[in-house]
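**Student:** Pasting the sequence and the predicted coordinates here, then a few questions.
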Amino acid sequence: MTTMAEPRRPARRDSTAPPPRVRRTAEQWLLGIGMAVSFVTMGGFVLAMNRIDEVTFEQVVMPALVGAEAGVPVEEARLLADTLAAWFGVTLVAVLLLSVIALFLARRRPWRRGAGWWALAAGLACLLGSQLILFPVAFVFFVAAGFFALRPVTDGSPS
């Protein structure tokens, strides 16, 4: 029986060596854009639903939300809209928290790819929390997560 000599894999990084200099500008911009658009869309819907009166709801929002000839009572439509607004509010808080964690990690340790997982989680929260309505916004978070995963990180890299 012979033993094959396999070369040892080098350590990831010497603990005394400084971390590689990397800038995650594109990822941070994408996260910021995703956060802003999420805030405007979901937050705007929540704000509008919390400030609207019954007459305006019945004349403007209800036909757009459930259809003009749906046969749904106004009280039930209002309950559905308020529930959707509450769901969007919780989703917005989750998306913003996950995005802030991703931004913090991207700025604190840009050479690591852990921030990408948080950006992916923010995208999934945006996609599922908005009930697939905000898929373009979730796509922005997914692109940021992909950049975290796929952009090379080398010492002295301009990325």
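**Tutor:** On my side now, so go ahead. Numbers count the residues shown, from 1 in each chain.
**Student:** Flag every buried residue along the lowest-mean-pLDDT helix or strand in the chain.
**Tutor:** In the chain, no helix or strand scores lower on mean pLDDT, DSSP states H and E than helix 62-66, which sits at a mean of 84. Residues 62, 65-66 are the ones in helix 62-66 that count as buried (16 or more other CB atoms under 10 Å). (C-beta placed from N, C-alpha, C; glycine too.)
**Student:** Report the buried residues of the strand or helix carrying Phe39.
**Tutor:** Taking DSSP states H and E as the definition, one finds Phe39 inside helix 25-51. By 16+ other CB under 10 Å, the buried positions in helix 25-51 come out as 27-28, 30-31, 34-35, 38, 41-42, 45-46, 49.
**Student:** Next, the buried residues of the next helix or strand after the least confident helix or strand of the chain.
**Tutor:** Sequence order places helix 74-108 as the next helix or strand after helix 62-66, per DSSP H and E. If you call a residue buried by 16+ other CB under 10 Å, then helix 74-108 has these buried ones: 77-78, 81, 84-85, 88-89, 91-92, 94-96, 98-99, 101-103, 105-106.
**Student:** Which neighbouring elements make contact with helix 74-108?
**Tutor:** Using 3 or more CB pairs under 8 Å, 6 or more residues apart in numbering; DSSP states H and E as the contact criterion, the elements in contact with helix 74-108 are helix 25-51, helix 62-66, helix 114-129, helix 135-150.
**Student:** Quick one, which of those gets closest to Val72.
**Tutor:** Of all the helices and strands packed on helix 74-108, it is helix 62-66 that lies closest to Val72, at 5.0 Å by CB to CB.
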